[in-house]
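Trainee: the sequence and its predicted three-dimensional model are supplied below.
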Amino acid sequence: MPVLTVAEKTLIPTFTLQQNNERGNTMIDVREAGGQCGEFRLDPAFLQPHRKDYYFFVLVKGGANRHWIDFVPYTVKPDTFYFTIPQQVHLKEHSAPMEGLMMSFTNEFLQLEDNRILQQLPIIQNPAAAHEIKLSPVDLAFIEDTMRKMLTEFNADGTWRNQMLTSWLRVLVIYLSRLYSEQYNETCVTLNYCLLKSFQALIGEHYASQHDVAAYAEQLNLTPGHFTEVIKQQSGKTAITHIHERLIVEAKRRLLHTELSVKQIADELGFEDAAYFNRFFKRLADTTPIAFRMQIREMYS
């Protein structure tokens, strides 16, 4: 596990697409790793725990390395598609040669009028919290061809470039969503399902300051009773369980990737005191925060 400085241990940095884009594009990036482009050089900062504020798609053609998304390790395999959504914690264990195609795009890109339909697709919503899609030879050929067309268009800087990129991205995301649905048994999107995703998005924005179900129901213009019923029907979990699960995930991220004290983490997540946070964490995680920190770091080391 990489050694962090004192400053790095106190926070998990977030990288924007503009920071990782040599051409300064703030909404979309397409690039090739290895192959005719030579060896891909990873920014050393990506070897530290970090978040990306954009969607990240990778078609791996060759190479092998090990990386973590939140608390799950993945050994990258050739001819496989990997993807992450914004704000998850990434960590590569080491920099190793890789060959493939990479694409990144932001929420702002999805907010453009022509792209909004893409927001509801399974690969974007990622309800199964998945990160890997297995590819048949036919799937591999189709996805590589589509991403190469996007790469050519991205580098050409021609007329109606954004419209072309949007068209190819739409094809790619729909195709990947079909594979996602097959491999993760995702059901069709309904209005109530969209409500669930809106609730989860709000939790992502307000988990540190808003722990009450009624407050989220009010933001979504629903009565608490109806809101709770819809969330339970769509997800099999109560609304308060969704809130608590996000708090636990954020607590675990800080316990693993920072040197913040338990009291500091409790403060960051909106708990009144460390004792209450300890009881909350032990009830949901079946271990104490300190014990979890020791156990998970042993897995990393």
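Mentor: Here it is on my side, so go on.

Trainee: those helices in the chain, which residues are they?
Mentor: 107-111, 122-125, 137-156, 161-184, 191-206, 213-219, 224-235, 239-257, 262-268, 274-285, 289-300 (DSSP state H).

Trainee: select, out of the ones you listed, the one closest to residue 14.
Mentor: helix 239-257 (12.1 Å; C-beta to C-beta). Yep, even glycine has a C-beta here, placed from its N, CA and C like the rest.

Trainee: angle of the closest one against helix 224-235?
Mentor: Between helix 239-257 and helix 224-235, the angle formed by their directions is 60 degrees, by axes from the mean of the first three to the mean of the last three C-alpha atoms, to 10 degrees.

Trainee: returning to that earlier point: the helices of the chain into a markdown table, with extra columns for mean pLDDT?
Mentor: Below are these laid out as a markdown table (pLDDT from 0 to 100):
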| stretch | mean pLDDT |
| --- | --- |
| helix 107-111 | 82 |
| helix 122-125 | 88 |
| helix 137-156 | 94 |
| helix 161-184 | 90 |
| helix 191-206 | 85 |
| helix 213-219 | 94 |
| helix 224-235 | 89 |
| helix 239-257 | 93 |
| helix 262-268 | 96 |
| helix 274-285 | 96 |
| helix 289-300 | 86 |
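
Trainee: test my guess that residue 183 contacts residue 135.
Mentor: No: assessed by C-beta atoms under 8 Å, residue 183 is found out of contact with residue 135, at 10.2 Å.

Trainee: the two - which one has more neighbours?
Mentor: Using other C-beta atoms under 10 Å, the more surrounded residue of residue 183 and residue 135 is residue 135, with 18 against 13.

Trainee: need the phi and psi values for the more buried one.
Mentor: Dihedral pair for residue 135: phi -120, psi 130, per degrees, to the nearest 10.

Trainee: quick check: chain neighbours aside, which residue is closest to residue 282?
Mentor: Nearest non-adjacent residue to residue 282, counting by C-beta to C-beta, 6 or more residues apart in numbering: residue 288, 5.4 Å away.

Trainee: now for the one you found: which residues touch it?
Mentor: The contact partners of residue 288, by C-beta atoms under 8 Å, 6 or more residues apart in numbering, come to 278, 281-282.

Trainee: quick check: the gap between it and residue 245.
Mentor: 18 Å (C-beta to C-beta, to the nearest Å).

Trainee: repeat that for residue 160.
Mentor: Here residue 160 is placed at a distance of 43 Å from residue 245 (C-beta to C-beta).

Trainee: which one's more surrounded, the two?
Mentor: residue 245 (15 against 10).

Trainee: ok, now which ones touch the more buried one?
Mentor: Residue 245 touches 237, 284, counting by C-beta under 8 Å, 6+ apart.

Trainee: separation between it and residue 207?
Mentor: Taking C-beta to C-beta, one finds residue 245 at 10 Å from residue 207.
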